[in-house]
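K.L.:
show me the folded form of this:
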Amino acid sequence: MTPAVARAAYVAGIFGLFVLNQDRLKRTSKALWIPVAWLLINGSRPVSMWLGMAPQAQVPDQYLDGSPIDRLVFSLLLAAGLIVLIGRRRQVGTFLKENWPILLFFGYCLISVLWSDYSFVAFKRWSKAVGDFVMVLIVLTDSEPETAFKRFLARCSFILVPISVLLIKYYPNLGVQYNVWTWTREFDGVTTTKNMLGMVCLICGLASVWRFLVAYKNQEDTRTVRRLIAHGVVIAMVLWLFWKSNSVTSICCFAMAGGLIVMTSLHRFTRRPAVVHLLIAGMIFGSFFVLFLNPAGGVLEDLGRNPTLTGRTDIWKVVLSSAGNPMLGTGFESFWLGDRLQKMWSAPGGFMKGIQEAHNGYLEVYLNLGWIGVALLALLLVAGYRNVLAVFRRDRDSGTIRLAFFLTAVVYSFTEAGFRMMSPTWIAFLLATTYAPAVAVPESLPLLPIPQASRFWKTEQFAGHLAGTRFRTKPFEDVV
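P.N.:
Residues are numbered from 1 along each chain as shown. Predicted structure coming up:
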């Protein structure tokens, strides 16, 4: 198959995935495409790179200046998102009150700009980082929040995963590159590194596993077979991409979080909170033990890693030797800038050349925000886990994917920068842990499908509900 024919076939296939997954009875706002575009860019490559206008030379100064094209694109998306939220200001105000730990964390990130060596650059990065939370709020304040949650993840998966396969198979000049140290091929797909491709496959794959199991359990729905096909195809592509990219961290997290989704979806014993706590704690501690407390390193060797975690322990030693104020850090997203970045790239042995992250999410937070930032992250994790469990108790299907995203962020950050702003794992973490408050709905109004509801609203019976009706609170995610 020629590249041109393959491109046409894949475009048709992507369109087919959207058709198979559609649900005409559920309506979401067109504004949902704004966060979809945001994640598509952050989950692939900058727009300037797609246009062939990104700087080619890797020099520290280019990370200070950035790309004006990318800056314009993110500014337009952020402005559009803020306009949408202004129109939903009542719901947004309630969300902000309930999610004060997130606001506290972002607020401290803003304050840390003051002691950054590059305050203006740090402020610009903080402005873009706020966009992550803005996009999450657009999804969760939709009139159909749970449907918007599903469609947001599905749309991104249906685009990023098939195009990655297309680029690797038929456009290797875009989807494949050579490692500068080993001169072996690395499969990047729509992203810039194999680990980034693994991260995208991790989030998209978990979303499709979740939707596949939900559809499998709902055999009465006439659209079940179509959804099984759509998400089954995505899962198959994700497994193929995992095999090609060989991103060990993402593969292990996918197996672990995917197993959690299966267990919490299909087994009744997981209805008990104590069992859920035990599962999450066991998986986190087990991962920590294998990575950091396993003296023999046998498990790591079986996974294709050496006791240094493929050089990560050496990276950690170098970056800790250049860390700034232990309490305050170097300022938001400021560690990998200027002279400090040049020092990292000039480290003896040359193994730090081109590296722009600490390959540990908790260490990354410490380097930029100090121990105060780490403490606020811990608060965010505790509050987020509580919010995830609240959703799980109300709706087990919705809670399973949130549990999986939470577990993924915690474990993935042991060896990768999982809490770095504007990354798919961080966006998924915010999406899962942001608390959705209850809203008032009429107690006596029936919950009907849209065609029936439109007829009911026009009857005299509906008018009788408007006077003196009692209201009850219902979780925001469950409102129809």
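K.L.:
could you list the low-pLDDT ranges of the stretch 251-400 of the chain?
P.N.:
Of all residues in the stretch 251-400 of the chain, those with pLDDT under 70 make up the ranges 269-270, 294-308.
K.L.:
change it to 50
P.N.:
Scanning the stretch 251-400 of the chain for pLDDT under 50 picks out no residues.
K.L.:
which elements pack onto the helix ranked longest in the chain?
P.N.:
Among the elements of the chain assigned as helix by DSSP state H, the one spanning the most residues is helix 361-394. On a contact count with 3 or more C-beta pairs under 8 Å, 6 or more residues apart in numbering; DSSP states H and E, helix 361-394 meets helix 100-112, helix 273-288, helix 312-321, helix 396-412, helix 424-433. Just so you know, the C-beta spots here come from the backbone N, C-alpha and C atoms, and that holds for glycine as well.
K.L.:
run the chain-centre distance for that helix.
P.N.:
Helix 361-394 sits 15 Å away from the centroid of its parent chain (C-alpha atoms, centre = their mean, to the nearest Å).
K.L.:
and for stretch 234-252?
P.N.:
Counting by C-alpha atoms, centre = their mean, stretch 234-252 comes out at 16 Å from the chain centroid.
K.L.:
swap in stretch 274-288?
P.N.:
21 Å.
K.L.:
ok, now stretch 401-417?
P.N.:
On C-alpha atoms, centre = their mean, the centre of stretch 401-417 falls 10 Å from the chain's centre.
K.L.:
dump that stretch to CSV, restricted to CA.
P.N.:
Provided in CSV are the C-alpha atoms of stretch 401-417 (Å, rounded to 0.1, in the frame of the first residue of the first chain):
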residue,chain,number,x,y,z
ILE,A,401,-11.2,5.1,35.1
ARG,A,402,-10.6,7.8,37.6
LEU,A,403,-8.9,5.3,39.9
ALA,A,404,-6.8,4.1,37.0
PHE,A,405,-5.7,7.6,36.1
PHE,A,406,-4.9,8.4,39.7
LEU,A,407,-2.8,5.2,40.1
THR,A,408,-1.1,5.9,36.7
ALA,A,409,0.0,9.4,37.8
VAL,A,410,1.4,8.2,41.1
VAL,A,411,3.3,5.2,39.7
TYR,A,412,4.4,6.7,36.4
SER,A,413,6.0,9.6,38.2
PHE,A,414,8.4,7.2,39.9
THR,A,415,10.6,7.1,36.8
GLU,A,416,9.1,9.8,34.5
ALA,A,417,8.0,13.5,35.0
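K.L.:
pLDDT of it, averaged?
P.N.:
Stretch 401-417 carries an average pLDDT of 95.
K.L.:
what about I427, how many residues close to it?
P.N.:
I427: 26 surrounding residues under other C-beta atoms under 10 Å.
K.L.:
verify the stated contact: it with F133.
P.N.:
No - I427 is not in contact with F133 according to C-beta atoms under 8 Å; the separation is 9.2 Å.
K.L.:
burial measure for F15, as a count.
P.N.:
Neighbour count of F15, defined by other C-beta under 10 Å: 11.
K.L.:
check which helix or strand covers it.
P.N.:
According to DSSP states H and E, F15 maps onto helix 3-21.
K.L.:
which SSE is immediately downstream of that helix?
P.N.:
Going down the chain from helix 3-21, the next helix or strand is helix 33-42, by DSSP H and E.
K.L.:
thinking again about what came up before, so what touches the helix holding F15?
P.N.:
For helix 3-21, contacts defined as C-beta atoms under 8 Å, 6 or more residues apart in numbering pick out 1, 154-155, 158-159, 162-163, 165-166, 169-171, 226-227, 229-231, 233-234.
K.L.:
return the subset of the residues you listed lying in helices.
P.N.:
154-155, 158-159, 162-163, 165-166, 169-170, 226-227, 229-231, 233-234.
K.L.:
among those residues, which ones are buried?
P.N.:
154-155, 158-159, 162-163, 165-166, 169-170, 226-227, 229-231, 233-234 (16 or more other C-beta atoms under 10 Å).
K.L.:
mind listing what's buried in stretch 114-124?
P.N.:
Here stretch 114-124 shows W115, S116, Y118, V121, A122, F123, K124 as buried, counting by 16+ other C-beta under 10 Å.
K.L.:
what of stretch 186-196?
P.N.:
Buried residues in stretch 186-196, counted by 16+ other C-beta under 10 Å: E186, F187, D188, G189, V190, T191, K194, N195, M196.
K.L.:
now the residues you listed as TSV including distance to V176 and secondary structure?
P.N.:
Formatted as TSV, these follow (distance: C-beta to C-beta, whole Å; DSSP: H, G, I helix; E, B strand; the rest coil):
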residue	distance to V176	secondary structure
E186	7	strand
F187	6	strand
D188	7	coil
G189	9	coil
V190	12	coil
T191	12	coil
K194	10	helix
N195	15	helix
M196	14	helix
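K.L.:
can I get those in JSON lines including distance to Q356?
P.N.:
Output for these, formatted as JSON lines (distance: C-beta to C-beta, whole Å):
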{"residue": "E186", "distance to Q356": "16"}
{"residue": "F187", "distance to Q356": "20"}
{"residue": "D188", "distance to Q356": "16"}
{"residue": "G189", "distance to Q356": "19"}
{"residue": "V190", "distance to Q356": "19"}
{"residue": "T191", "distance to Q356": "14"}
{"residue": "K194", "distance to Q356": "15"}
{"residue": "N195", "distance to Q356": "12"}
{"residue": "M196", "distance to Q356": "12"}
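K.L.:
for T310, state which of those is nearest.
P.N.:
T310 lies nearest to N195 out of the buried residues of stretch 186-196, by C-beta to C-beta, at 10.4 Å.
K.L.:
list the contacts for that closest one?
P.N.:
So N195 contacts S245, S247, T249, S250, E416 (C-beta under 8 Å, 6+ apart).
K.L.:
most surrounded residue in the residues you listed?
P.N.:
Within these, most neighbours by other C-beta under 10 Å means S250, with 28 neighbours.
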